[in-house]
Every structure is written in structure tokens, then in C-alpha cells.
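# what shape does this take:
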Amino acid sequence: MTLSRAQYESFLVNNVSTISTLESSLRSISWFLPGRFKDAELASEALATLLNVVSMYHDTLLERIVKSNPSYRPLIPTTLHTRFTRAWMDRTSIYKWASRTLELIKFTELMIEMGLRRKLSEKAKWRGIILLEVIKAALRILLLKATKRPIVSPTIPERDFDPTTLPPPSSATSSPTLAPTSNVPSRLGTPDHLRNNHIPFEPHPLLLPSSSHSETSAEEYLAGKALTTASVKPSFSLLRKLSGPRDYLAEIIYILRPLVYVCLLVKDKKSRLPTNRALVVVLIMEFIARNLRRSPSSSALLEKEEYAKRDKDMLWYLLRGSIWETFTRPKLEGFVARTVQKPLVGLFGSLAQDWIPLIDQYYYYTAL
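Down below sits the predicted model:
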């Protein structure tokens, strides 16, 4: 088992750039599969789920490889989100496993719903969805208890480095489970700076006359290079602790929204008369949580980013309930009818036409 794992790590390090490109290409293809053949949405979601799970495993391996090489220096500074989540994953195993389990459920929840819809009854499907939301809410509350800070999304570090800048695979630290290998001397080639001996290089911009210089002042140039307050903060201080009952109440209301929504949605489906109770209640919870949460300071960049992301997520309600049925879906169907015969634009219309019935059939296509 150790040997096969080491071999896979070696293969990943040697082909990390190609694998990243392949993951991105297959993820793009999965968007165009629904509607192309029978059960195409199942094949599309199975592909997307597999890619997300494999990518999460690859990120874990690559992060360990980077940590094992002290000489590695990223070309792009690590994002605040990655610094915060990575610090907490290194600090406590509760956060590490709860966050990974939460993201794994989010990757597979739509696939699980499709399987329940095909194999079990409608009632069993909604029971499964409620169970998933209960588990997700419990994991988020566990993360809240562990960090005493607002929950960031996603809860695990994102891949924020260029795969081509990883340490060379021939080094002893390329894989934590591989035995060191001897370096085979390679044939010396012509250095890059000696390959061009005839054509002069273009002069450096700093050596050009002052009239050709950019009008950007030295102060403006240095301002972009200066360190911000968040850049020098300890990773755990990027998000301030929740300071009182009001902060905790706002976060708990935000965590419980999906569970309350799906429970009320199931009750509304049992009712003879159509009602918008689920949508109304969850929107009220959104606004209550938004008004109760604290206002981040100007230096709390990560907290401001998280709250801005939560505000943008409210656009998903355009694809839910009566808003979807009376406003968004008629608009999309009108767009499809107008563009179906037009070149290029008709491609987007056809894509929207294939996705409209999926939004009607599956809860997790528009779940938060």
C-alpha cells in the first residue's frame, strides 16, 4: 500500500501541470453534458464529483510536498483565506477532519440526491436531503465551536500556487513517502544567456529616456508593493473572535438557514395549497443574520471578503420557490426562445434549456 501510494505521489509530482490542465478541461466539459443523452445529468455530476474529490486529495498531497521542501518559495503570496484555513488545519485535528468532511459532503450531495431519486421514493429522497443538512449544520457548529470565529467558505485551503513552480521531482523532498534517489548528472547545455550572441536584447525600461517612462509615480508603484496590515498579522488573527451573544446568534442563524429551509420545503410539499413559507422564512433569517453580524474594521480584509461572498450568495434565491417559477424561469425560457436559431448565442440558449428542468427536479442544483 505504501509503495503504491509513493508511486502515485511520484506520478503526480512529475505530471502535476498536465493533471491540473486535465482536471480543468474535464470540469468544463461536465457543464455541457446535461441533455445530450439519457441520464446525461447523472454522468455529468458523477464526473464533477469525481474531479472535486480527486482534486481535494491532490491538494492535500501537493501541500504536504510543498511543506517538506523548505527551499520552496511561492511566486504569488498566499491568500488570506488559505493562510487562515491552513493554520487551523495544522492546529487542531477537529477542524481538519470536520472541514474535510463538510467539503466532501458538499461535493457529493447532488450525486447522492440523484441516486436517491432513481432508487427510492420521493419521500425517502427528502429524508436523505434533511439528513445531509443536519450533518452539515452539525459540522459547521463544530467548526464554530473550535475556532470561535465566523465560518469561512470553503472551509479548506484552496490551491493557490502554480503547479509549474513546485520543486523538481528528482529532489529528495519531492514526495514525503518516497526514498531519496540519487541525482543522475545530465548533459550540460548552453546557458540561456549565451544562446543569443548576435541579436541585441531590447534595452531595459529603466535605461530608456525619461520621456518613454510610464507616468506612474514612484509613490504609486511602491504603494502596490507595500505590505498591508493583514499581510503581517498572524494567521489566527485574520478573523477576530466572536465577542458576544449577538455575534454567535448571527452566525448560528446563518448556519441553520439551509436546514430550516429544507424542513419547511418538505412540509409545504405535503400541503394541498401552495405556499411560500419556506422561502419567506429563510429570507427573513438571511436579513436577521445580516443585521446582527458585526461590522468588520477596515483592516479585517478576510472577514469583509467572507461577508461579501455571503451577500452574493443571496442571488441563488432567484432560482428558488415562487421567485424561480414566476420571474426567473420565464425570463430564461424567453431568452432560449429568442436565441435558439441564432449562431453562437444559441449555444448558451441551448445550455440554459438543458439546465432548466434540472433546477426543477433537483434540490441541490441551487442549494447553498
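# quick check: which element contains the spatially most central residue of the chain?
Against the mean C-alpha coordinate of the chain, by Cα atoms, centre = their mean, the closest residue is residue 154 at 5.7 Å. Applying DSSP states H and E as the criterion places residue 154 outside every helix and strand.
# and the residue nearest to it when sequence neighbours are not counted, how many residues sit next to it?
By the measure of Cβ to Cβ, 6 or more residues apart in numbering, the closest residue to residue 154 outside its immediate chain neighbours is residue 103, 5.8 Å from it. For every residue, glycine as well, the C-beta is placed using N, CA and C. Other residues near residue 103 come to 18 when the count uses other Cβ atoms under 10 Å.
# residues contacting residue 103?
For residue 103, the contact set (Cβ atoms under 8 Å, 6 or more residues apart in numbering) comprises 56, 154-156.
# buried ones only from those, please, as a ChimeraX command.
Buried residues among these (16 or more other Cβ atoms under 10 Å), as a ChimeraX selection:
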select :56,155,156
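# ok so, going back, and the gap between the residue nearest to residue 154 and residue 361?
Applying Cβ to Cβ, to the nearest Å, the value for residue 103 to residue 361 is 25 Å.
# residue 283 now?
For residue 283, the distance to residue 361 (Cβ to Cβ) stands at 23 Å.
# and for residue 55?
Taking Cβ to Cβ, one finds residue 55 at 27 Å from residue 361.
# and these two? Which one has more around it.
residue 55 (17 against 12).
# just name the shakiest helix or strand of this structure by mean pLDDT.
Least confident helix or strand of the chain, by mean pLDDT, DSSP states H and E, is helix 218-225 with a mean of 58.
# low-confidence ranges, the stretch 201-350 of the chain, go.
Counting by pLDDT under 70, the stretch 201-350 of the chain contains low-confidence residues at 201-232.
# the same query, at a cut-off of 80, please.
Along the stretch 201-350 of the chain, segments meeting pLDDT under 80 span 201-234, 271-274, 299, 340-341, 344-350.
# helices along that one, start to end?
Counting by DSSP state H, counting those that start in this stretch, the stretch 201-350 of the chain has helices at residues 218-225, 229-232, 245-270, 277-292, 301-313, 321-323, 329-339, 345-361.
# let me know which of those is the nearest to residue 139.
For residue 139, the closest of those is helix 245-270, at 9.6 Å, according to Cβ to Cβ.
# how about that closest one: buried residues?
By neighbour count with 16+ other Cβ under 10 Å, helix 245-270 contains the buried residues 247, 250-251, 253-265, 268.
# out of the helices of the stretch 201-350 of the chain, the one nearest residue 367 is which?
Closest to residue 367 of the helices of the stretch 201-350 of the chain is helix 245-270 (Cβ to Cβ; 6.6 Å).
# re earlier: now do the phi/psi pair for the residue nearest to the centre of the chain.
With angles defined as degrees, to the nearest 10, residue 154 sits at phi -70, psi 170.
# same question, the one 3 residues further on
In this entry, residue 157 is assigned phi and psi values of phi -60, psi 140 (degrees, to the nearest 10).
# check it and give its pLDDT.
According to the prediction, residue 157 has pLDDT 89.
# same check, this time on residue 126
Per-residue pLDDT puts residue 126 at 92.
# that one contacts residue 266, correct?
Yes. The pair residue 126 / residue 266 is scored as a contact, 4.9 Å apart, by Cβ atoms under 8 Å.
# so how far is residue 255 from residue 29?
Counting by Cβ to Cβ, the separation of residue 29 from residue 255 is 34 Å.
# how about residue 242?
Taking Cβ to Cβ, one finds residue 242 at 12 Å from residue 255.
# cool, residue 62 as well?
Going from residue 62 to residue 255 by Cβ to Cβ gives 30 Å.
# with residue 158 instead?
Taking Cβ to Cβ, one finds residue 158 at 21 Å from residue 255.
# kindly report the same for residue 7.
Taking Cβ to Cβ, one finds residue 7 at 41 Å from residue 255.
# ditto for residue 285
Going from residue 285 to residue 255 by Cβ to Cβ gives 10 Å.
# how about residue 269, what does it touch?
Taking Cβ under 8 Å, 6+ apart as the contact definition, residue 269 lies against residue 126.
# how near is it to residue 352?
26 Å.
# what angle do helix 345-361 and the helix or strand that contains the residue nearest to residue 154 make with each other?
Residue 103 is part of helix 93-119 when elements are defined by DSSP H and E. If you take axes from the mean of the first three to the mean of the last three Cα atoms, to 10 degrees, helix 93-119 sits at 90 degrees to helix 345-361.
# so who does residue 283 touch?
Residue 283 is in contact with residue 317, counting by Cβ under 8 Å, 6+ apart.
# scratch that, residue 324
Applying Cβ under 8 Å, 6+ apart, we find residue 324 in contact with 318, 359, 366.
# chain neighbours aside, what residue packs nearest to the first one?
With Cβ to Cβ, 6+ apart as the criterion, residue 318 has its nearest non-adjacent residue at 4.8 Å, and that residue is residue 328.
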